[in-house]
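K.L.:
Coordinates for the following, if possible.
(one chain, ligands or ions: 2)
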Amino acid sequence: MLLGAQPTIDPQIRHRLQTADGTVVVARDLNRFTTFCHEQRDRYAGLVIVDATADAEVASRYPAWLAAGIHIVTPNKKAFAGDLTLWEAMHDATRVAQAAGRPSHVLHESTVGAGLPVLSTLNDLLATGDEVHTIEGIFSGTLSYLFNRYSTVAGDAPPFSEIVATARQLGYTEPDARDDLSGADVARKVVILARVCGLHLSLADFTVENLVPAALQDASIDAHAFLTRLAESDAAMAARQAAARQAGQVLRYVGHVDVAARTARVSLAAYPASHPFASLQGSDNMVAFTTRRFPQPLTIQGAGAGAAVTAFGMMADLLRLQRSVVRC
Ligand SMILES: NC(=O)C1=CN([C@@H]2O[C@H](COP(=O)(O)OP(=O)(O)OC[C@H]3O[C@@H](n4cnc5c(N)ncnc54)[C@H](OP(=O)(O)O)[C@@H]3O)[C@@H](O)[C@H]2O)C=CC1
Ligand SMILES: N[C@@H](CC=O)C(=O)O
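P.N.:
Ligands and ions are numbered 1, 2, ... in the order given. Predicted coordinates:
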């Protein structure tokens, strides 16, 4: 079953469940759908819900679905970076399902780095007894694309707002591009990485540099109006870029987790042209794990946003799930 990425379905009839025997179940709201999954758990345990939305309300239902023995594959970060009680409820639900003989799994590789093997690498490092010291990187495909184009030492870029509009057209941004420009999307990825490392970190625990101009942070401005008005802030961003360029530097939006110190930070910083971040292309993410085994960081790099690479990460999760279920 797929939620999201289905524009042809009537928005009033969003939640559909197609079973192996061809039955199609349609629920008009999440409450009814979740009750239905629970009541029919003997029949539907082992199904997979693919949540391809960015919806926090959908994410809040994962514990109920997992407890009913339904697997979840998703690029939606909301459940993994939201309230810690939701994170814990998901883990409790998988234990309940396991004890009831309906084991369920939640796989979310694409929540960090889209299709890049970031979480699977981190899980492998931890499972094999490595000690992760720091994780640092460029975790946003949108912000990578923006600053790779905008902040060059040559300084020949179009206005910042124009590049944001292109990133939106290329499918890199979140449904509301403010989620990218505010740093919220990077902060969520940082929280997910920290939690996988065992830290009880939440979004409120660290500062995040917000690139959305103050006047446009107001939630009453819709996502479209926001993009139209973003040009108002072009001059401020141009001044920042000019200062970096004068110093022979480029601007890059970077996230950092210090596992030993149990801290994180997310900010726009200036780097010399010789730094690996400075030579990234397109929507590339770069994630560097410094560990006991890898004092010179184990580094993963590649396109970090876009439909094809995100779908690749979700499909790889589905195949991983199939392999693990077949082994059971
Ligand atoms: N784009 C990318 O490169 C990446 C995206 N992701 C994640 O993937 C998810 C989707 O992103 P993306 O495809 O870019 O976003 P889009 O806005 O393009 O697609 C989201 C889709 O979900 C639908 N939708 C929203 N709420 C619901 C709901 N409650 N039930 C069913 N469908 C719903 C929307 O329909 P409607 O428009 O009618 O509201 C829309 O079709 C997000 O969580 C994002 O963070 C992760 C990695 C990379
Ligand atoms: N909007 C996000 C999509 C992937 O998570 C990004 O730009 O990285």
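
K.L.:
can you give me the helices in the chain?
P.N.:
For the chain, the helices defined by DSSP state H occupy 30-39, 41-44, 56-59, 62-67, 78-81, 84-99, 118-127, 141-150, 160-169, 178-181, 184-196, 223-229, 234-246, 307-327.

K.L.:
what's the fourth one packed up against?
P.N.:
Right, helix 62-67. The contact analysis (3 or more CB pairs under 8 Å, 6 or more residues apart in numbering; DSSP states H and E) places helix 62-67 against helix 30-39, strand 71-73, helix 84-99. Every C-beta, even on glycine, is put in place using the N, C-alpha and C of the backbone.

K.L.:
Give the buried residues for the second one.
P.N.:
When burial is assessed from 16 or more other CB atoms under 10 Å, strand 71-73 yields the following buried residues: 71-73.

K.L.:
burial measure for whichever residue of the stretch 1-150 of the chain sits closest to ligand 2, as a count.
P.N.:
In the stretch 1-150 of the chain, the residue that lies nearest ligand 2 is T142 (3.3 Å; CB to the nearest ligand atom). Neighbour count of T142, defined by other CB atoms under 10 Å: 26.

K.L.:
quick one: pLDDT of the residue at minimal distance from the centre of the chain?
P.N.:
Closest to where the C-alpha atoms of the chain average out (CA atoms, centre = their mean) is T111, at 3.3 Å. Listed pLDDT for T111 reads 98.

K.L.:
for V58, same thing?
P.N.:
At V58, pLDDT is 92.

K.L.:
Over to the one 3 residues further on?
P.N.:
The predicted local confidence for R61 comes out at a pLDDT of 94.

K.L.:
what number of residues lie near it?
P.N.:
22.

K.L.:
circling back: and the helices and strands packed on helix 62-67, which one averages the lowest pLDDT?
P.N.:
Per-stretch mean pLDDT for the helices and strands packed on helix 62-67 is lowest at helix 30-39 (a mean of 81).

K.L.:
do that one and ligand 1 meet?
P.N.:
No: on the criterion CB under 6 Å from any ligand atom, helix 30-39 is out of touch with ligand 1, staying 7.2 Å away.
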